[in-house]
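Trainee: How does the following fold in three dimensions:
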Amino acid sequence: MNKIKIPALIAIIAIAVAVLVSSAFVVDETEQVIITQFGKPIREPIATPGIHFKVPIVHKANFFDRRFLEWDGDPNQVPTKDKRFIWVDTYARWRIKDPLLFFQRLRDESGAQSRLDDILDGETRNAIAKHLLVEIVRTSNREPVLSEGLSEGEITTTLQNIKFGREKITREIIEAAASRTLELGIELLDLRLKRVNYVDEVQQKIFERMITERKRIADKFRSEGQGEASKILGSKEKDLKEIESGAYRTAQEIMGKADAEATAIYAGAYNKSQASRDFYRFLKTMETYGSTMSDKDWLILTTKGDFYKYLRSRSGK
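Mentor: Residues are numbered from 1 along each chain as shown. Predicted coordinates for the structure are as follows:
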């Protein structure tokens, strides 16, 4: 009899332990739980950390995250108010505020991500379609930095003042989407435009505009450089002519003084004696021979001329 009771007792204890284990569940600090019976919620959400109990088999514990969750949207091609097509990539942060409503409307995070795709992408598209491209690209009317080659007036005409800016547009998207997500038990915490890029056609036009602007600045620099080069060359020519003129004047003054001194020396030597005068005439005649004749010249001279006199004396006749 005792042998029969011991296995039965062990079986009862094992069943009791199994029932106890299957009925107990642990709620972590980062979790919240909805208890359902055959798919329908039967209790208020459990958010207190610790050990809790449920009816085995009949009841089911559905766990949901209490932390901030992320949503990362896909890049979408969106038209702006001024008919410019751009690629917009967004991301957001959200949390389950009402787990019971969340379970009733969406069941799980996968369903929540799908609904957020519809809501956030749609509100982003609506907000961007109501604003100009410059409002989406810029955040505020900051003071422009004077770029090299551009005047202050040119920058003023290039930069357009904005009324909203990216930050206000983002707030507008959050406000419009938050009311819709609350109906699903979701609190939308934040949304940001992760990236805004032009489509290929618009991007090409932007590049062409940038290239044209840079070419204009380059032409302006080139024109100013050519003007400065012409100015420098003109100044150089002027200085060169002044130097050459001064050098020529100095050279002429030196030559004049040298000629005067030579003339004075010749005159002094000429007036000293008859022999000096004869020697002077001889030197001048030799200079004349050297400057007027070459080894190929033929001269026809009279024997009585002064030019032939020294040649005749040289020959001894």
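
Trainee: make it CA atoms for all contacts and neighbour counts henceforth
Mentor: OK.

Trainee: now the strands for the stretch 1-150 of the chain?
Mentor: For the stretch 1-150 of the chain, the strands defined by DSSP state E, counting those that start in this stretch occupy 24-27, 31-37, 40-41, 50-53, 59-65, 69-72, 76-79, 85-96.

Trainee: Which residues does Thr90 form beta bridges with?
Mentor: The partner list for Thr90 in beta bridges (DSSP bridges) reads Leu193.

Trainee: OK, contacts around it?
Mentor: Going by Cα atoms under 8 Å, 6 or more residues apart in numbering, Thr90 touches Asp72, Gly73, Asp74, Pro75, Leu191, Arg192, Leu193, Lys194, Arg195.

Trainee: What sits closest to the fourth one if chain neighbours are left out?
Mentor: With Cα to Cα, 6 or more residues apart in numbering as the measure, Asp89 is the residue that lies nearest to Pro75, at 4.3 Å, once sequence neighbours are left out.

Trainee: Can you read off the pLDDT for the most centrally placed residue in the chain?
Mentor: The centroid of the chain falls nearest to Met210 when counting by Cα atoms, centre = their mean (11.3 Å). Looking at Met210, its pLDDT stands at 80.

Trainee: got it, and Pro99?
Mentor: We have a pLDDT of 93 for Pro99.

Trainee: Same question for Pro56.
Mentor: pLDDT, read off for Pro56, is 83.

Trainee: Please report how far it lies from Phe68.
Mentor: According to Cα to Cα, to the nearest Å, Pro56 and Phe68 sit 31 Å apart.

Trainee: and the spatially closest residue to Phe63 that is not a sequence neighbour, what does it touch?
Mentor: Of all residues not flanking Phe63 in the chain, Val33 sits nearest, at 4.6 Å (Cα to Cα, 6+ apart). Neighbour list for Val33: Val27, Pro45, Ile46, Ala47, Ala61, Asn62, Phe63, Phe64, Pro99 [criterion: Cα under 8 Å, 6+ apart].

Trainee: swap in Ile186?
Mentor: Counting by Cα under 8 Å, 6+ apart, Ile186 makes contact with Trp94, Arg95, Ile96, Lys97, Asp98, Phe102.

Trainee: Test my guess that the third one contacts Leu182.
Mentor: No: no contact is recorded between Ile96 and Leu182 when judged using Cα atoms under 8 Å, the distance being 9.4 Å.

Trainee: Assumed the residue nearest to the centre of the chain was part of a strand.
Mentor: No: applying DSSP: H, G, I helix; E, B strand; the rest coil, one finds Met210 to be helix, outside a strand.

Trainee: Would you check how far apart it and Tyr198 are?
Mentor: Going from Met210 to Tyr198 by Cα to Cα gives 14 Å.

Trainee: now Ala258
Mentor: Distance, Ala258 to Tyr198, by Cα to Cα: 84 Å.

Trainee: the more surrounded of these two?
Mentor: With neighbours defined as other Cα atoms under 10 Å, Ala258 and Tyr198 compare such that Tyr198 has more, 18 against 12.

Trainee: For the nearest residue to the more buried one once chain neighbours are set aside, which residues count as its bridge partners?
Mentor: Nearest residue to Tyr198, sequence neighbours excluded (Cα to Cα, 6+ apart): Ile86, at 4.5 Å. Beta-bridge pairing of Ile86 under DSSP bridges involves Val78, Tyr198.

Trainee: how much space between Ile86 and Gln77?
Mentor: Using Cα to Cα, one gets 6 Å for the distance from Ile86 to Gln77.

Trainee: What of Ile128?
Mentor: Applying Cα to Cα, the value for Ile128 to Gln77 is 11 Å.

Trainee: Show me which of these two is the more surrounded one.
Mentor: Legend: neighbour count by other Cα under 10 Å for Ile128 and Gln77, higher for Ile128 (22 against 16).

Trainee: what residue ranges in the protein score low on pLDDT?
Mentor: Applying pLDDT under 70 to the chain flags residues 1-5, 8-11, 14-21, 143-159, 269-279, 289-290, 293, 299, 301-317.

Trainee: Can you give the domain ranges for it?
Mentor: According to automatic domain parsing, the chain comprises the domains 2-65, 69-198.

Trainee: Which one, of these, ends up nearest to Ser235?
Mentor: Closest to Ser235 of the domains of the chain is domain 69-198 (Cα to Cα; 26.4 Å).

Trainee: what's the first-to-last distance across the closest one?
Mentor: Start-to-end span of domain 69-198 (Cα to Cα) is 29 Å.

Trainee: same check, this time on stretch 181-189
Mentor: 11 Å.
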